[in-house]
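Participant: Here is my input, please return the structure:
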Amino acid sequence: MAQQDYNPQLKTWQRIIPSREPGQGHIEVPGGFANPVWQTRSSVPGPFELELVEALEEVFAEGVTELGALVEGLNARDRHDRNGQPWTQESLLQEMAVLGQ
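Facilitator: You can find the predicted model right below:
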């Protein structure tokens, strides 16, 4: 069987915010076995996601830890949202919630 870059059988979360109850919302028992990254994503990251990751890594490498400075760092690199608009704190938080599902 050929290895895939993602898990097409991955179930989506019912809610964006995971449950606070122990043991709820886990795909498997933590530490139970190796969990390669491609098994926990439902599709291969597209160009937008890859560029966003690269820009986030650059900004974090500068020591940025606050949301406002993160947004400024992304916009200074001309890495805008999916609609080509400069990031706002709200739009970045919304994108992270969507990507984190």
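
Participant: Can you give me the buried ones in the helix or strand of the chain at the bottom of the mean pLDDT ranking?
Facilitator: Least confident element among the helices and strands of the chain, by mean pLDDT, DSSP states H and E: helix 89-99 (a mean of 91). Buried residues in helix 89-99, defined by neighbour count with 16 or more other C-beta atoms under 10 Å: 91-92, 95. Any C-beta I mention is one placed from the backbone N, CA and C, and that applies to glycine too.

Participant: contacting residues around A55?
Facilitator: By C-beta atoms under 8 Å, 6 or more residues apart in numbering, A55 lies in contact with 73-74, 77, 79.

Participant: Ok, L74 next?
Facilitator: Going by C-beta under 8 Å, 6+ apart, L74 touches 52, 55-56, 59, 80, 87, 92.

Participant: ok, 10 Å please
Facilitator: Taking C-beta atoms under 10 Å, 6 or more residues apart in numbering, we find L74 in contact with 52, 55-56, 58-59, 64, 80-81, 86-87, 92.

Participant: a markdown table for those, including secondary structure?
Facilitator: As requested, those are arranged in a markdown table below (DSSP: H, G, I helix; E, B strand; the rest coil):
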| residue | secondary structure |
| --- | --- |
| L52 | helix |
| A55 | helix |
| L56 | helix |
| E58 | helix |
| V59 | helix |
| V64 | coil |
| H80 | coil |
| D81 | coil |
| P86 | coil |
| W87 | coil |
| L92 | helix |
